[in-house]
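Engineer: Here's my sequence, what's the structure:
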Amino acid sequence: MWYLCVFFHRLLDYRKPEVESLAYLFGVNDALEWKLPKHHHPDSPFHFVNLPSEDIARSIANRIWITNAYWFAKADNNLPPWRPGLKEVFDAIICDPPYGVRASGRKLLKGVLDPYTVPDDKRVGHIPSTAPYCLSECVHDLLDLAGRILVMGGRLVYFYPVLREDSTRNPFPEHLCFKLVASSEQILSSRYSRVLLTMVKIGLYTEEIAETARRNHLEFRENHLKWLED
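Structural biologist: I've put the predicted structure just below:
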């Protein structure tokens, strides 16, 4: 039985293998066949796949990832685009913040007017103004965002740099909304490592918690700047 398979992923090398591996999982890889719709280019997102039964097709479709569509919102977390009051909508955040070790982070500056709109005659080739975005500020914004928009039990996963010989009892960022449940170190050099931190949201976000986090951030920022100077 032939089924139409729509691939939103643009790389052909990654399209078929996942379907074929799932077909192998269900023991029907020998029966699997591919063909293109008439007059379609080989790089077309549309393919026909022949599978033995509707149950097999449904089982594969329920487990496949590459045929799913993904959408991206490009924004600066220092000037978040989310509407005010948005809370507890995401199950997880996975990210790799700029460390400031090999390359420093940058953040967008606010416009002269609020809200600021770039005039039409200046949009082509417009380069927005930016400023340095230190790691401590970046992580504070990340934890604040995660505290707001993650559901209870949601996970925040991110890389964080550390000095390998740091004697600090707890060198990782802390937040009252989160509990650290896992850390995995990757050695970068004789001096630096980065640690993959996994945090679980255990508390509701409140303005009181946000203020406490802000004060902790100021203390953490002083320690981080001293670390960079050393």
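Engineer: quick one: the helices in this protein?
Structural biologist: 16-25, 54-63, 135-149, 207-229 (DSSP state H).
Engineer: closest to Leu176 out of those?
Structural biologist: helix 207-229 (4.8 Å; CB to CB). From N, CA and C alone the C-beta is placed, and that goes for glycine too.
Engineer: related to what we said a few turns ago, kindly reformat the helices of the chain as TSV containing distance to Val195, mean neighbour count and mean pLDDT.
Structural biologist: As requested, the helices of the chain are arranged in TSV below (distance: least, CB to CB, whole Å; neighbours: other CB atoms under 10 Å; pLDDT from 0 to 100):
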stretch	distance to Val195	mean neighbour count	mean pLDDT
helix 16-25	31	16	85
helix 54-63	32	15	86
helix 135-149	12	20	89
helix 207-229	14	13	69
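Engineer: Got the domain ranges for the protein?
Structural biologist: 2-63, 90-229 (automatic domain parsing).
Engineer: how about those domains, which one is nearest Ala73?
Structural biologist: When those are ranked by distance to Ala73, counting by CB to CB, first place goes to domain 90-229 at 11.9 Å.
Engineer: which stretches of this structure aren't confidently modelled?
Structural biologist: When residues are selected by pLDDT under 70, those of the chain lie in 8-15, 65-72, 100-103, 110-116, 166-169, 218-230.
Engineer: how about the helices of the chain, which one is nearest Leu196?
Structural biologist: Put simply, out of the helices of the chain the one that sits nearest Leu196 is helix 135-149, at 13.9 Å, with distance taken as CB to CB.
Engineer: Put the alpha carbons of stretch 206-213 into PDB.
Structural biologist: Listed in PDB are the C-alpha atoms of stretch 206-213, where the atom choice follows Å, rounded to 0.1, in the frame of the first residue of the first chain:
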ATOM      1  CA  THR A 206       6.700  34.900  41.600                       C
ATOM      2  CA  GLU A 207       7.800  38.500  41.700                       C
ATOM      3  CA  GLU A 208       9.400  37.800  45.100                       C
ATOM      4  CA  ILE A 209      11.500  35.000  43.700                       C
ATOM      5  CA  ALA A 210      12.400  37.200  40.700                       C
ATOM      6  CA  GLU A 211      13.700  39.900  43.000                       C
ATOM      7  CA  THR A 212      15.700  37.300  45.100                       C
ATOM      8  CA  ALA A 213      17.200  36.000  41.800                       C
END
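Engineer: And the strands in this protein?
Structural biologist: Ranges of strands within the chain are 2-6, 33-35, 46-50, 90-95, 105-108, 130-133, 150-163, 178-187, 192-201, based on DSSP state E.
Engineer: would you list the ones you listed in TSV and tack on mean neighbour count and distance to His140?
Structural biologist: Output for the strands of the chain, formatted as TSV (neighbours: other CB atoms under 10 Å; distance: least, CB to CB, whole Å):
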stretch	mean neighbour count	distance to His140
strand 2-6	13	41
strand 33-35	11	50
strand 46-50	16	46
strand 90-95	13	14
strand 105-108	16	12
strand 130-133	14	11
strand 150-163	17	13
strand 178-187	13	13
strand 192-201	18	14
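Engineer: Understood, closing this out.
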